[in-house]
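J.: have a look at this prediction, sequence included:
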Amino acid sequence: MAETKITLLTIKQAAELVNGLTEYRVRQMCVNDQLPHIKAGKKYLINKEVFLKYICCETR
């Protein structure tokens with residue numbers, strides 16, 4: 001059975017992946033449950049693969 005590695009991004013890392021996307025906007029997407037995330041204490045962690053699919057589909 002192959003193991004699947006999941007990469008989790010902070011809000012800052014997610015915002016850096018997309019030109020023009022701010023940390024504020026990524027945080028608002030998490031707070032408003034527009035973007036699937038995990039909240040660890042005060043940090044929001046975002047699955048990289050899910051984030052990129054979400055951004056790809058939203059920009060079309």
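T.: Sure thing, it's come through. Residues are numbered from 1 along each chain as shown.
J.: other SSEs contacting the lengthiest strand in the chain?
T.: Using DSSP state E to define each element, the chain has its longest strand at strand 43-47. Judged by 3 or more Cβ pairs under 8 Å, 6 or more residues apart in numbering; DSSP states H and E, strand 43-47 is in contact with strand 8-9, helix 11-17, helix 23-31, strand 38-40. C-beta here means a position set from N, CA and C on the backbone, and glycine is covered the same way.
J.: now these in CSV, with distance to Lys48, mean pLDDT and mean neighbour count?
T.: Below are the helices and strands packed on strand 43-47 laid out as CSV (distance: least, Cβ to Cβ, whole Å; pLDDT from 0 to 100; neighbours: other Cβ atoms under 10 Å):
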stretch, distance to Lys48, mean pLDDT, mean neighbour count
strand 8-9, 5, 97, 18
helix 11-17, 8, 97, 17
helix 23-31, 12, 96, 17
strand 38-40, 12, 95, 10
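J.: let me have these in TSV, extended by distance to Val50.
T.: TSV is the format used below for the helices and strands packed on strand 43-47 (distance: least, Cβ to Cβ, whole Å):
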stretch	distance to Val50
strand 8-9	10
helix 11-17	10
helix 23-31	12
strand 38-40	11
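J.: can you tell which of the ones you listed is closest to Ile55?
T.: Closest to Ile55 of the helices and strands packed on strand 43-47 is helix 11-17 (Cβ to Cβ; 7.9 Å).
J.: run the chain-centre distance for the closest one.
T.: 8 Å (Cα atoms, centre = their mean, to the nearest Å).
J.: what's it packed up against?
T.: Using 3+ Cβ pairs under 8 Å, 6+ apart, helix 11-17 is in contact with helix 23-31, strand 43-47, helix 48-58.
J.: distance to Leu8 for those - can I get that in CSV?
T.: Below are those laid out as CSV (distance: least, Cβ to Cβ, whole Å):
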stretch, distance to Leu8
helix 23-31, 13
strand 43-47, 4
helix 48-58, 7
